[in-house]
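> return atomic coordinates for the entry below.
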Amino acid sequence: MDGTSPGFANGRSSGPVLPMFIQLNARLVEEDDQWKEVSRWVKFQENVEDGGKRWSKPHVPSCSFSVFSGLKDQLAHYPVLLNAQGTNIQTIVDEVMNTEEAAHLDERQKAMVKDLFSQGVKHKMKVNLVRQISKTSTSRHPSISSRQDSGIYKEDDVFEEAAEDKAHGKSAPTTPETERKTSIVAQPKVRHYSVATPEFKSPSRKVSLKDETFKNRDHNLFSKKVPKDAEAANIQVATCKFLNEPFLAFVRLEAPVLLEDFCEISKPTRFLAIILGPEGSSPKVLEKGRALGSLLTDQLFCQLTAYKAQTKAALISGLDTYISELTVLPPSSWDPTIRLDPPKTTQSLQSRLMNRAANKERKKTDKEKEEGEEESDDEDEETNFLKTNKDEKDHGEDDSLQFTGRLFGGLIADVKRKIPWFVSDFTDAFHIQTLASIIYIYLATVTKAITFGGFLGDITGGLQGVLESFLGHLLAGGVFCLLAGQPLTVLGCTGPVLIFEKILVEFCEQYGIYYLTLRLWIGLWSALFCIIIVAVDGSAIVRYFTRFTEEAFAALVGLIFIVESLKKIFKMSKTYKVHKFFDLDDLTTEEPCRCSSPESGTSIFSSLGNATEPQLQSVHSYNASMGGTIFSEEDVDWAELKKSQCEEFGGDLSYSCKYSPDIFFLSVFLFFGTFFLCTFLKKFKYTPYFPTKIRSLVTDYAVILTIIVFVLVDGHFGLDTPKLVVPTVFKPTRSDLRGWTIPLFDANSPWYVYFLASIPALLLTILLFMDQQITS
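Just a heads-up that it's a prediction; the model follows:
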């Protein structure tokens, strides 16, 4: 077998590209006696449902144990070709019919078996509408989907295919149904359709059903689920009136062949199975076909047996090993009609091979010399496969998590791995699903920067704030996303880092150390420690982290986010108080909110020298609006001041000013409504509403849609609910206290503080390492 065939990765004989595409086609004489696609597999099974209109959800295939036993017996007595030379379906069937195992069939039966495959499968696949419209608008060819939907698949289609087969030198299928239909007319009847109107016939723009089916094959979205260089396996199941006993043939082609008439997607066929049975045996042959399809989805069976077996005995031995690993469910405890959803994780190949070795060791007995040598060859084959298999490595064996033993060896290896994909990481972003991720990350990063920037401003007294958080994202985050190969990683301050900043601020206030200078030295030390970690391949220790460590740290980060958001809501209940026990009937007698002058010497005008910059700006603005006539608190008309001005100027607000109608409850509604709607939309793709494509789009854009909906709800009511404060001027948050440059040394701090800053820097490095390597 040539390792350079399309089914092998990178043209090497290291192994086939798996999983392969497997298609089960059935032609049942009890029904309409035409080939139809029944099931397909990539990793899991999908069945045709609702009369051929849709596919089922992928599910774990299940078959009875007796079917595999019967399959094993039939493989022992019927044709098995492991190096077939056929180049099309007819030559392959001829090769099967010429085997000794098919000698019990007479010439008439062999001819009718060949006739079974003279007609292809009618695929009713989903077509990409945009591409199909573009295709038909340029080529003016009819759309096959319109014919399927309008129910035009009638006798004319049979005549059309018969005419095509005759033109190519093929004989039409000699079934009683087709014999009856073709005897109606003297010559094959061909009907063509136009894109413009179904009745219009243009002799210069005719297209056959088969040609149109081949064109639609290019637009089959299911082909994207199959690996690029993977091959196909076709399982042909049929019931026939001319057979009295079942017949089975298993064929492995020496060179894969593209069987366009029998394969839904454009993948070359490597394996072909023919399962025939007498009339009335359709449930049995279908069950055998599905059992064989399930068998070919097994990676060990394909790589160790299906692709490498040179004799029928070796093939049966591989099937025997597969049967010994089956799990049997008792019929009293399980309903076979229930479909199992695909599991999140499956048993690794290594553990299966180790279990096989242990079973062989237990069952090993004194056998004849030839049998013992053959068994040891099988063991060597499995051992070699275990050593060369790189697709199912454990987490600890990942190449990127190995100590290289060289200075910056891991970084150099990462760069080498990254360079071939660097450009595609940007070009692949031009996709509608990627756009959803980009918008989501943008919103998550911006809102996170504003929220935690506000928290930092509260903790540090404005020495760090929203604008400083934005600049950190721009500089550090921009370089990280462009060069580190993780453009969709959420960056910025997280909960543990926020707690670290709070403790650091309290420490600086207690010992009289300038916070920003100490924070600068901590950042420099932390950068040095990160460089050391990269130099010695420190990231390799991640393989020793357990699932408990990962989930514990992730739970900590999640809890901090949840607690901070709930604290925000609780704080709003204090700021925007609810008027408890208020009787609506007393609304007319309720005292309105009024501002009155404070006691002498307590307003802002008596201590303008101690006022903050925002307060001074408010006073100057008010003075300008009054024509510059405000010189003292006696000049202020307190009853005409707004609530915010009254609070800034130090005036006294009446009792009713403490309450803010509706704001708190609307904020609570927005808070929980955003959460529940986003959760619902994230699971929308599992609902039965709308087509799959629409459900997927809604799920991808769940966060964006939710934010848009509740921003519109908030805007509709027009209440002054708290909003994220975004700076509009490029200057430090507290420009009255500091500029953009931070002093490297502080005159009030002793010299050894800068060296002792390495201790909290080490703690910060650990936090950043855990946050990036585990939770991100």
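
> and residue 712, how many residues sit next to it?
As a burial measure, residue 712 scores 9 neighbours (other CB atoms under 10 Å). All C-beta atoms are positioned from the backbone trio N, CA, C, and that covers glycine.

> look up how far residue 705 lies from it.
11 Å (CB to CB, to the nearest Å).

> next one: residue 662
To residue 705, residue 662 is 25 Å away according to CB to CB.

> tell me which of these two has more neighbours.
Neighbour count, other CB under 10 Å: between residue 662 and residue 705, residue 705 has more, with 18 against 14.

> tell me the secondary structure at the more buried one.
Three-state assignment for residue 705 (DSSP: H, G, I helix; E, B strand; the rest coil): helix.

> just for the protein, where's the confidence low?
Applying pLDDT under 70 to the chain flags the ranges 1-15, 122-221, 365-400, 484-494, 586-587, 589, 600-602, 606-610, 631, 774-776.

> burial of residue 708, as a residue count?
Residue 708 has 11 neighbours, counted by other CB under 10 Å.

> the helix or strand where it lies: what's the following helix or strand?
Here residue 708, judged by DSSP states H and E, is contained in helix 702-717. Later in the chain than helix 702-717, the nearest helix or strand by DSSP H and E is helix 753-756.

> send the alpha carbons of that following helix over as PDB?
Below are the C-alpha coordinates for helix 753-756, written out as PDB (Å, rounded to 0.1, in the frame of the first residue of the first chain):
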ATOM      1  CA  VAL A 753      12.500  48.900  50.200                       C
ATOM      2  CA  TYR A 754      13.400  48.600  46.500                       C
ATOM      3  CA  PHE A 755      15.100  45.200  47.100                       C
ATOM      4  CA  LEU A 756      12.400  44.000  49.500                       C
END
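
> quick one: residues in contact with it.
For helix 753-756, the external contacting residues (CB atoms under 8 Å, 6 or more residues apart in numbering) are 513, 518, 521, 745.

> give me the distance between the last one and residue 732.
Okay, so that is residue 745. Between residue 745 and residue 732 the computed distance is 20 Å (CB to CB).

> who has more neighbours, those two?
A count of neighbours by other CB under 10 Å puts residue 732 above the other of residue 745 and residue 732, at 18 against 12.

> is it true that residue 522 touches residue 760?
Yes. Between residue 522 and residue 760 there is a contact under CB atoms under 8 Å: 5.5 Å.

> need the residues touching each of the two.
residue 504.

> look at the two and report which has more neighbours.
Between residue 522 and residue 760, residue 522 has the larger neighbour count (other CB under 10 Å), namely 22 against 19.

> now that one. Nearest residue, chain neighbours left out?
Of all residues not flanking residue 522 in the chain, residue 761 sits nearest, at 4.5 Å (CB to CB, 6 or more residues apart in numbering).

> which SSE is that neighbour in?
Residue-wise, residue 761 maps onto helix 758-770 under DSSP H and E.

> any idea which helix or strand comes after the host helix or strand of residue 419?
Assessed by DSSP H and E, residue 419 sits inside helix 409-427. Later in the chain than helix 409-427, the nearest helix or strand by DSSP H and E is helix 432-460.

> which helices and strands does that next one pack with?
Helices and strands touching helix 432-460, by 3 or more CB pairs under 8 Å, 6 or more residues apart in numbering; DSSP states H and E, are helix 466-472, helix 495-511, helix 692-700, helix 702-717.

> which of those sits most buried?
helix 466-472 (a mean of 19; mean count of other CB atoms under 10 Å).

> would you map the strands across the chain?
Assigned by DSSP state E, the chain shows strands spanning 21-27, 36-41, 45-49, 54-55, 80-84, 232-240, 247-257, 269-278, 595-596, 652-653.

> other residues contacting the third one?
In this structure, residues lying in contact with strand 45-49 by CB under 8 Å, 6+ apart are 36-40, 54-61, 290, 293-294, 297.

> dump that strand to PDB, keeping only the CA atoms.
Taking Å, rounded to 0.1, in the frame of the first residue of the first chain, the C-alpha atoms of strand 45-49 are listed here in PDB:
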ATOM      1  CA  GLN A  45     -23.300   7.900  13.700                       C
ATOM      2  CA  GLU A  46     -26.000   9.900  12.000                       C
ATOM      3  CA  ASN A  47     -29.200   8.500  10.500                       C
ATOM      4  CA  VAL A  48     -31.600   9.800   7.900                       C
ATOM      5  CA  GLU A  49     -34.800  10.800   9.500                       C
END
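
> so which of the helices and strands packed on helix 432-460 comes closest to residue 424?
helix 692-700 (20.7 Å; CB to CB).

> could I get the closest one in CSV with only the CA atoms?
In CSV, the C-alpha atoms belonging to helix 692-700 read as follows (Å, rounded to 0.1, in the frame of the first residue of the first chain):
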residue,chain,number,x,y,z
THR,A,692,-29.3,24.9,12.6
LYS,A,693,-27.4,27.7,11.0
ILE,A,694,-29.6,30.4,12.6
ARG,A,695,-29.4,28.6,16.0
SER,A,696,-25.6,28.5,15.8
LEU,A,697,-25.4,32.2,14.9
VAL,A,698,-27.6,33.2,17.8
THR,A,699,-25.5,31.1,20.2
ASP,A,700,-22.2,32.6,18.8
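
> which residues touch residue 565?
Applying CB under 8 Å, 6+ apart to residue 565 gives the contacts residue 671.

> restricting to C-alpha, output stretch 257-270 in PDB.
Extracted as PDB, the C-alpha positions of stretch 257-270 are listed here (Å, rounded to 0.1, in the frame of the first residue of the first chain):
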ATOM      1  CA  VAL A 257     -11.200   5.300  -6.100                       C
ATOM      2  CA  LEU A 258     -13.700   8.200  -6.200                       C
ATOM      3  CA  LEU A 259     -17.100   6.500  -6.400                       C
ATOM      4  CA  GLU A 260     -19.200   9.600  -7.200                       C
ATOM      5  CA  ASP A 261     -22.400   7.700  -7.600                       C
ATOM      6  CA  PHE A 262     -22.300   6.300  -4.100                       C
ATOM      7  CA  CYS A 263     -20.400   8.800  -1.900                       C
ATOM      8  CA  GLU A 264     -22.000  12.000  -0.600                       C
ATOM      9  CA  ILE A 265     -18.800  14.000  -0.500                       C
ATOM     10  CA  SER A 266     -15.700  14.000  -2.800                       C
ATOM     11  CA  LYS A 267     -13.500  11.600  -0.900                       C
ATOM     12  CA  PRO A 268     -11.800   8.600  -2.500                       C
ATOM     13  CA  THR A 269     -13.100   5.200  -1.400                       C
ATOM     14  CA  ARG A 270     -10.600   2.800   0.200                       C
END
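
> coming back round to it: in the helix holding residue 761, what counts as buried?
758, 760-761, 764-765, 767-770 (16 or more other CB atoms under 10 Å).

> of the residues you listed, just say which sits nearest to residue 415.
residue 769 (20.3 Å).

> with adjacent residues omitted, what lies nearest to that closest one?
Closest residue in space to residue 769, ignoring its immediate chain neighbours: residue 533 at 6.9 Å, by CB to CB, 6+ apart.

> state the distance from the one you found to residue 539.
Residue 533 is 7 Å from residue 539, by CB to CB.
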